[in-house]
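Chemist: Need coordinates for the following:
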Amino acid sequence: MDQREILSRLDHTILTPDATWEQVRTVCDEGRRLETASVCVPPRYVKRVNGYVGGSLKICTVVGFPNGYTTPEVKVFETEDAIRNGADEIDMVINQGLAKEGDWEGVLSELRAVKASCKGRILKVIVEACRFTQEEKISLCRVVSMAGADFIKTSTGFAQGGSYGGGCAPVPGAHQPRYARQGRRRHPYLRAGTGAAGGRRGPHRRQRPGRSGAGPLSSHPAASTAHTFCPCPSAPAPGAEFFSPIWRKLWYNREQKLSPGGPGGNEVRL
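Modeler: Model (predicted):
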């Protein structure tokens, strides 16, 4: 992978709470010059960035960031507001408390609400992988896939761990070759692209995401977030024997709500 291809898969990011317009504008200028996939900025700058870049660069912003414990209604409002202001992509933080409680229906309901409010735009779901066990990561991957999100990301970059320490592989076996696509690996029950985020700076670390199957990274010292730009692969639904009763119920409900005439794009069809 040459430098141009790496840059084309990179979210050039500045999400520090004290980011000034001068710093944001510098990131936008670098993003256009380097032809990065997008620039990810705080919500308060989305409208100004939209006017500044004039459609020459995709704009990404965050929802429920960085803690994720706002209500679904607030996240939906944030998403709609960001889109009105010109955002092309949304990075949403899950409600980690719900996930820790095992309230997967609550997590799924929130994800579906935000996905619907995206109106076809890319939705990336940040799970803060360093706070979850391997079993919880598997469950999170299932829920994100069921919700039809486009990407699952490891970290906000503001928690105690980023994409290191196993976070870059959201689930055990996530990089086995069963669902290899465009050089990247997926867990058999993960239907979304994966993204390494948090703590990724410098060329020696730049190699690690590629080896582990995740995406490239941010080049800005103020933050580090990235995702892999490749569509969700089509794959057969897992056998019912894999799931406990709650998962069979969630999967069945998803099957009933999705139809062949539904939304296209990266919306997953199981």
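Chemist: Quick check: nearest residue in space to L108, chain neighbours excluded?
Modeler: The shortest distance from L108 to any non-neighbouring residue, by C-beta to C-beta, 6 or more residues apart in numbering, is to V143 (5.1 Å). For glycine as for every other residue, the C-beta is placed from the backbone atoms N, C-alpha and C.
Chemist: residue contacts, that neighbour?
Modeler: Neighbouring residues of V143 by C-beta atoms under 8 Å, 6 or more residues apart in numbering: 104, 107-108, 111, 250.
Chemist: Now with 7 Å, please.
Modeler: 104, 107-108, 111 (C-beta atoms under 7 Å, 6 or more residues apart in numbering).
Chemist: Just the ones of those in helices?
Modeler: Counted as lying in helices by DSSP state H, out of the contacts of V143, are 104, 107-108, 111.
Chemist: which one of those sits closest to A19?
Modeler: Closest approach between those and A19, by C-beta to C-beta: L111, at 27.3 Å.
Chemist: surely that closest one meets A149?
Modeler: Yes: counting by C-beta atoms under 7 Å, A149 is a contact partner of L111 at 6.2 Å.
Chemist: in stretch 125-137, what counts as buried?
Modeler: Within stretch 125-137, the residues that count as buried by 16 or more other C-beta atoms under 10 Å are 125-132, 136-137.
Chemist: same question but for stretch 69-87, I mixed them up
Modeler: Going by 16+ other C-beta under 10 Å, stretch 69-87 has these buried residues: 70, 72, 75-76, 78-83, 85-87.
Chemist: what's the answer for stretch 112-128, then?
Modeler: Neighbour counts over stretch 112-128 (16+ other C-beta under 10 Å) mark 112, 114-115, 117-118, 121-128 as buried.
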